[in-house]
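1. pasted the sequence and its predicted model underneath.
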Amino acid sequence: MMAMDKAIIVSDQCGACKALLHGLDRKGALANYRVINVSSPEGAEIVSKLGITGVPDCIFIDKDKDGSPIARRCTEEETKEVLKEASGA
């Protein structure tokens with residue numbers, strides 16, 4: 001199975017999203033993530049399918065046996081790792 005892509009779901013109007021992305025960029029870790037905007041068609045579909053009601057949010061994207069993308073929300077521990085990576089702690 002292919003490695004899953006880590007992605008951050010963001011919105012242009014979200015101050016916390018901008019801060020998270022800035023922190024990841026400052027630490028050289030932003031390249032480890034796909035950034036998906038909720039206003040994009042892909043973002044709108046993911047938000048709807050996963051029931052995401054707030055941003056930023058962390059998801060993993062994989063492919064099913066037919067090659068179609070599937071996504072899941074990060075666990076609390078995985079989200080903490082993203083925040084830790086952004087803060088450099």
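-> Noted; the coordinates are in hand. From a predicted model like this one, the values you see are computed outputs, not experimental measurements. Numbering: from 1, shown residues only.
2. which is the next helix or strand following the lowest-mean-pLDDT helix or strand in the chain?
-> Counting by mean pLDDT, DSSP states H and E, the chain has its least confident helix or strand at strand 69-73, which shows a mean of 85. Downstream of strand 69-73, the next assigned helix or strand under DSSP states H and E is helix 76-87.
3. please point out which parts of that next one sit buried.
-> Buried residues in helix 76-87, counted by 16 or more other Cβ atoms under 10 Å: Val82, Glu85, Ala86. Glycine gets a C-beta too; all of them are placed from N, C-alpha and C.
4. wait, the first one touches Phe60, no?
-> No. At 11.0 Å, Val82 does not count as touching Phe60 under the criterion of Cβ atoms under 8 Å.
5. for these two, list the residues in contact with both.
-> Lys6, Cys74 (Cβ atoms under 8 Å, 6 or more residues apart in numbering).
6. mind putting the buried residues of helix 76-87 in a markdown table, pLDDT included?
-> Below are the buried residues of helix 76-87 laid out as a markdown table (pLDDT from 0 to 100):
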| residue | pLDDT |
| --- | --- |
| Val82 | 89 |
| Glu85 | 87 |
| Ala86 | 87 |
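7. low-confidence ranges in this protein?
-> Filtered on pLDDT under 70, the chain yields the residue ranges 1-3, 89.
8. the residue lying closest to Thr79 once chain neighbours are set aside: which element?
-> Nearest residue to Thr79 in three dimensions, chain neighbours excluded: Cys58, at 5.0 Å (Cβ to Cβ, 6 or more residues apart in numbering). Cys58 belongs to strand 57-63 when assigned by DSSP H and E.
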